[in-house]
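S.K.: Need a 3D model of the sequence below.
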Amino acid sequence: MGDITDSSNSRPLVSLSANSNHHHDLMNVQLLPTKLDGTNYLAWSHFVRLYITGKGRIGYLTGEKKQPDNTDPKFITWVEEDAMLRSWLLQAMTPDISLGYMRLDSAHAIWDAVSQTYSEGGCDAQIYELKRRIQATTQQGKTLETYFNSLQALWQELDYYQPCDMKCSNDTAALKKRIEKEHTFEFLAGLNPDLDQVRTQVLGKDPFPSLREAYAYVRAQALRRSAMVMPPSLEGSALISTANHSAWAPPVHQSSSSAAVSSSNVAKSSKSDDKDALKCDYCHQTKHVREQCFKLNGYPPWWPGKKGEKAEGSKGGGGKGGRSSSRAYHTSSSDQNDQPTSQLSSAQMEQIVQECARLLSDKGSKGASGSLAISS
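M.R.: Predicted structure coming up:
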């Protein structure tokens, strides 16, 4: 496109092509996701300065880019760009706040008025509130990244209200280092209790790490611990499974049928009334069944007066009685050589005493060779 010229001296006033590019550049400015509402000036102003500086227009806000004379060729460009910035600033505010700045005649005037309104008033109160929030901020189950970033935002806002205004550069560097160390202490103090050991390790390092180094170390240790620790549910299931196996696992050489008989007899031995209904079809005595019959299957080594006596059912070797003996005691003769005899429970000892008393009372009528029943 052509240029607009002054007819008196044929001097171009505005380059429309350049002006068009300026407009296009500024119209691409995207509004802030959060508008200025009177409580978020620090974050709002930081983003505005960052964005406008990147567009090369920060001089309009600071006042460094002065308004040229109306005869200057750049006058129209300045007016249009300043109007675009004013429009953008007003749209970046809530409606009730923007009403107070709508009549100001430049972007610099708007910027200064907003700064005087929200950056100076109540500075000490804001510093106190920031320090209180920093002290109250802890991890409390949040992720390490979320917790650290929350502290970072509070520290940066506090630094804005408490700048390091010192003349000597060495003093400024020393002060910044001390402030960073205090930030590291605050970060470590708010960690979850399960990271107590990691916190102790950081505090014991020499030289003392920087804030970023401390965060990186804690993060690495937390990731390592989470990868190595078994979830509580799985650990509990494993313990229960092991306990059940050790408490109820059948003997190695026990068949499924003998396991069923054993579990049935254990359940019945807890109730003496149920034993009265039992009757052996071999010796025809009560309170036991064929699989528990000592006369058929053989007397155990601990039975007085019967040690070494063979079972009647074992004659002929490997007969039916021999198999019953294996079912009754859950062990073979070879197993007895390899494994120690299990100790009797208190319930079994009580049952033995009862059977001895019954044997003595029936001795006159049935003889001492009567069969006795004992639950295995």
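
S.K.: When you work out contacts or count neighbours from here on, use the C-alpha atoms and nothing else.
M.R.: OK.

S.K.: give me the number of residues near E81?
M.R.: Close neighbours of E81, defined as other Cα atoms under 10 Å, add up to 20.

S.K.: Could you shift the numbering so residue one becomes 16, and keep it that way?
M.R.: Okay, residue one is now 16; in that scheme the one you just asked about reads as E96.

S.K.: So for it, what's the pLDDT?
M.R.: For E96, the pLDDT comes out at 93.

S.K.: ok, now how distant is it from V129?
M.R.: From E96 over to V129 the distance is 20 Å, taken as Cα to Cα, to the nearest Å.

S.K.: So L119 is in contact with W126, correct?
M.R.: No. Judged on Cα atoms under 8 Å, L119 makes no contact with W126 at a distance of 10.0 Å.

S.K.: Look at these two and report which has more neighbours.
M.R.: Applying other Cα under 10 Å to L119 and W126 shows that W126 carries more neighbours, namely 20 against 13.

S.K.: what residues are up against the residue lying closest to that one once chain neighbours are set aside?
M.R.: Using Cα to Cα, 6 or more residues apart in numbering and skipping residues adjacent in sequence, the residue nearest W126 is L76, 6.0 Å away. Each residue near L76 by Cα atoms under 8 Å, 6 or more residues apart in numbering is listed here: A122, H123, A124, W126.

S.K.: Go again with 7 Å.
M.R.: Contacts here follow Cα atoms under 7 Å, 6 or more residues apart in numbering; on that basis L76 touches A122, H123, W126.

S.K.: What about those residues, which are in strands?
M.R.: Among the contacts of L76, none falls in strands (DSSP state E).

S.K.: any chance of those in CSV, plus distance to P316 and pLDDT?
M.R.: Below are the contacts of L76 laid out as CSV (distance: Cα to Cα, whole Å; pLDDT from 0 to 100):
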residue, distance to P316, pLDDT
A122, 108, 94
H123, 108, 95
W126, 104, 95
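
S.K.: Could you tell me which of those belong to helices?
M.R.: A122, H123, W126 (DSSP state H).

S.K.: Out of the residues you listed, which is nearest to L218?
M.R.: W126 (45.0 Å; Cα to Cα).

S.K.: From A204, how far out is that closest one?
M.R.: For W126, the distance to A204 - Cα to Cα - is 39 Å.

S.K.: which stretches of the chain have low pLDDT?
M.R.: Residues of the chain meeting the criterion pLDDT under 70: 16-47, 135-137, 244-291, 319-359, 376-391.

S.K.: got a list of what Q177 touches?
M.R.: No residues are in contact with Q177 under the rule Cα under 7 Å, 6+ apart.

S.K.: so what's the backbone phi/psi at it?
M.R.: phi -130, psi 70 (degrees, to the nearest 10).

S.K.: related to what we said a few turns ago, list just the nearest of the ones in helices among the contacts of L76 to S60.
M.R.: Among these, and counting by Cα to Cα, the member closest to S60 is W126, at 9.0 Å.

S.K.: Tally up the residues packed near C179, please.
M.R.: Count around C179 with other Cα under 10 Å applied: 13.

S.K.: This protein: strands as residue ranges?
M.R.: 19-20, 27-29.

S.K.: Outline the domain layout of this protein.
M.R.: Listed by automatic domain parsing, the domain ranges of the chain are 19-133, 138-243, 277-381.

S.K.: and K70, what are its phi and psi?
M.R.: Dihedral angles for K70 - degrees, to the nearest 10 - are phi -90, psi 0.

S.K.: Number of residues surrounding T153?
M.R.: 20.

S.K.: Name the nearest residue to it, ignoring sequence neighbours.
M.R.: G205 (4.2 Å).

S.K.: so how many other residues sit close to that neighbour?
M.R.: Neighbours around G205, by other Cα under 10 Å: 18.

S.K.: close enough to count as contact, it and Q154?
M.R.: Yes. Under the criterion of Cα atoms under 7 Å, G205 makes contact with Q154 at 5.7 Å.

S.K.: R101 reaches A122, doesn't it?
M.R.: Yes. In this structure, R101 is within contact of A122 by Cα under 7 Å, at 4.9 Å.

S.K.: need the contact list for Q82.
M.R.: For Q82, the contact set (Cα under 7 Å, 6+ apart) comprises W93.

S.K.: Phi first, then psi, for it.
M.R.: Torsion angles, degrees, to the nearest 10, at Q82: phi -70, psi 120.

S.K.: Now do it against L173, distance only.
M.R.: Distance from Q82 to L173, by Cα to Cα: 35 Å.

S.K.: now do A98
M.R.: 33 Å.

S.K.: Many thanks, we can stop here.
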